[in-house]
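Peer 1: Build me a structure from this.
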Amino acid sequence: MRAAFFTDRGRFEIRDVPRPTPTPDEVLIDVHACGICGSDLHFYTGSSPVPRVCPGHEICGRVAPGSVAMEPGLAVVVEPLLGCDKCPRCQAGEPNLCPRLRILGGRVPGGFAEAVLVPVRAVYPLPERIDLDTAVLTEPLAVAVHGVGLAHLEAGNEVLVLGGGAIGLLTAFVAARRGSVVTVSVRHPHQRRAALALGVSRVVDSDRDAIIAASAARQPDVVFETVGGHAATLDLALEVVRPGGSIVALGLFTQPVTLHPLRFLAKEARIVSSMMYSRNGRRPDFVEALELLRDDRERLATLVTHHVPLDEIDRGFAIAADKRSGAIRVSVEVAQKL
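Peer 2: Below you'll find the model as predicted:
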């Protein structure tokens with residue numbers, strides 16, 4: 001079967017690799033599509049070491065023939081967290097906090113391939129109203145569900161989301177659905193349009209001064225940081241959040257973060273980091289993400305802005321890396337169109 005591998009910064013090659021054979025506790029998935037995540041872009045730009053395995057973790061597809069744990073042909077999405085299943089965190093439904101955590105596309109072969117092998121516990125059937133083209137949003141939507149859950153939002157809370165990428169927009173969508181008054185900072189016109197279409201109350205420019213000015217009149221109860229990289233956005237979140245408020249960090253930073261020491265003490269702000277998603281709530285974050293995607297599919301589907309075939313994965317990553325392209329989420333389509 002074909003699978004994509006990084007060869008160097010910004011370069012892929014398609015290789016022929018053996019097709020995996022599932023055990024009774026595993027499911028082989030014929031990949032329909034795999035989304036390009038911001039963490040994948042860190043590999044692409046060289047800010048993180050490239051994985052030695054096939055990357056990609058925003059995976060959807062169909063159960064392949066030869067799998068006995070689930071019905072072949074069933075449309076599914078994949079939760080890419082592979083915990084040890086034995087440690088206290090895994091037993092508590094928190095494989096995201098497992099000290100031996102492996103992630104598909106990081107240390108285990110991922111979804112930019114014609115097929116991917118996963119434990120049966122990591123596979124979720126798609127509700128009937130969700131098509132596979134839209135299902136690539138399930139994984140990033142679960143990230144947003146988990147992050148919003150950590151904030152313990154109350155109806156009417158003032159929320160600021162820093163960042164207008166896919167994670168920022170999905171976080172804003174979930175927070176708005178839970179009754180918060182949501183402001184999103186964006187850099188590009190297509191992000192502004194997407195945010196307003198998802199039901200946020202206000203959109204501001206991502207310029208630091210603009211964010212500070214907008215927050216002066218309505219101090220956020222909660223700030224979600226979704227930018228990461230080398231941005232100074234966590235310190236900005238601390239500057240604008242109300243005293244005693246909360247900050248949830250979802251962005252993947254690629255260098256150490258500096259906070260203003262006096263402000264850090266004086267604000268008494270609660271800073272929480274968010275690691276992907278878990279299964280320890282009323283229902284797994286992936287299940288809630290699927291329910292949201294089912295109930296609001298038409299609006300959310302617009303966030304999948306670009307589709308490229310596996311053979312053109314280099315072009316897909318170039319589009320995803322250039323936000324001026326209008327990209328929000330780029331989907332690498334593996335299944336052949338009939």
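Peer 1: strands paired with the helix or strand hosting V182, and their directions?
Peer 2: Assigned by DSSP states H and E, V182 falls within strand 181-186. In the sheet, strand 181-186 lines up against strand 158-162 (parallel), strand 202-205 (parallel) (DSSP bridges).
Peer 1: what's next to the very next helix or strand once past that strand, contact-wise?
Peer 2: Remark: after strand 181-186, the chain's next helix or strand is helix 189-197, criterion DSSP H and E. The contact list for helix 189-197, computed with C-beta atoms under 8 Å, 6 or more residues apart in numbering, reads 164-165, 169, 172, 184, 186, 203, 299, 302-303, 305, 323, 326, 328. To be clear about C-beta, it is placed using only N, CA and C from the backbone, and glycine gets the same treatment.
Peer 1: Do me a favour and average the pLDDT over the strand holding V182.
Peer 2: Taken as a whole, strand 181-186 has a mean pLDDT of 98.
Peer 1: Repeat that for stretch 307-318.
Peer 2: Mean predicted lDDT for stretch 307-318 stands at 96.
Peer 1: give the contact list for the residue lying closest to D235 once chain neighbours are set aside.
Peer 2: Nearest residue to D235, sequence neighbours excluded (C-beta to C-beta, 6 or more residues apart in numbering): L259, at 5.2 Å. L259 makes contact with L234, D235, L238 under the criterion C-beta under 8 Å, 6+ apart.
Peer 1: quick one: which of the residues you listed is nearest to S274?
Peer 2: L234 (12.6 Å; C-beta to C-beta).
Peer 1: Checking the closest one next. Helix, strand or coil?
Peer 2: helix (DSSP: H, G, I helix; E, B strand; the rest coil).
Peer 1: Surely it is in contact with E225?
Peer 2: Yes. Proximity of L234 to E225 meets the contact threshold set by C-beta atoms under 8 Å, at 5.4 Å.
Peer 1: Looking at those two, which is more packed in?
Peer 2: E225 (29 against 21; other C-beta atoms under 10 Å).
Peer 1: What values do phi and psi take at that one?
Peer 2: Torsion angles at E225 (phi, psi; degrees, to the nearest 10) stand at phi -100, psi 120.
Peer 1: correct me, but it touches L252?
Peer 2: No. Judged on C-beta under 8 Å, E225 makes no contact with L252 at a distance of 10.6 Å.
Peer 1: Contacts for stretch 36-49, please.
Peer 2: So stretch 36-49 is in contact with 6, 9-10, 50-51, 55-58, 105, 139-140, 165-167, 228-230, 251-252, 254, 316-317, 320-321, 329-332, going by C-beta under 8 Å, 6+ apart.
Peer 1: Derive a PyMOL selection command for the buried subset of these.
Peer 2: To isolate the buried subset of the contacts of stretch 36-49 in PyMOL, counting by 16 or more other C-beta atoms under 10 Å, use the following:
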select buried, resi 6+50+51+55+56+57+58+105+139+140+165+166+167+228+229+251+252+316+317+320+321+329+330+331+332
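Peer 1: In the protein, where is pLDDT below threshold?
Peer 2: 336-338 (pLDDT under 70).
Peer 1: That one: helices as residue ranges?
Peer 2: Using DSSP state H, the helices of the chain run over 38-45, 88-91, 132-135, 138-151, 166-177, 189-197, 208-217, 233-240, 261-267, 285-295, 297-301, 313-321.
Peer 1: Tabulate the ones you listed (a markdown table), appending distance to V159.
Peer 2: Conversion of these to a markdown table gives the following (distance: least, C-beta to C-beta, whole Å):
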| stretch | distance to V159 |
| --- | --- |
| helix 38-45 | 21 |
| helix 88-91 | 28 |
| helix 132-135 | 25 |
| helix 138-151 | 8 |
| helix 166-177 | 5 |
| helix 189-197 | 12 |
| helix 208-217 | 11 |
| helix 233-240 | 12 |
| helix 261-267 | 17 |
| helix 285-295 | 17 |
| helix 297-301 | 18 |
| helix 313-321 | 26 |
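Peer 1: Compare those helices and give me the one nearest G110.
Peer 2: helix 38-45 (9.1 Å).
Peer 1: the inter-axis angle of that closest one versus helix 138-151?
Peer 2: 120 degrees (axes from the mean of the first three to the mean of the last three C-alpha atoms, to 10 degrees).
Peer 1: and the closest residue to R187 other than its chain neighbours, what does it touch?
Peer 2: Nearest residue to R187, sequence neighbours excluded (C-beta to C-beta, 6+ apart): S206, at 4.5 Å. By C-beta under 8 Å, 6+ apart, the residues touching S206 are L162, G163, G164, S185, V186, R187.
Peer 1: how about the third one, phi and psi?
Peer 2: So the one you mean is G164. phi -110, psi 20.
Peer 1: show me what contacts it?
Peer 2: Contacts of G164 (C-beta under 8 Å, 6+ apart): V184, S185, V186, R187, H188, Q191, R192, A194, A195, S206.
Peer 1: What are the phi and psi values at the fifth one?
Peer 2: To tie it back to what came earlier, the one meant is H188. Torsion angles, degrees, to the nearest 10, at H188: phi -120, psi 150.
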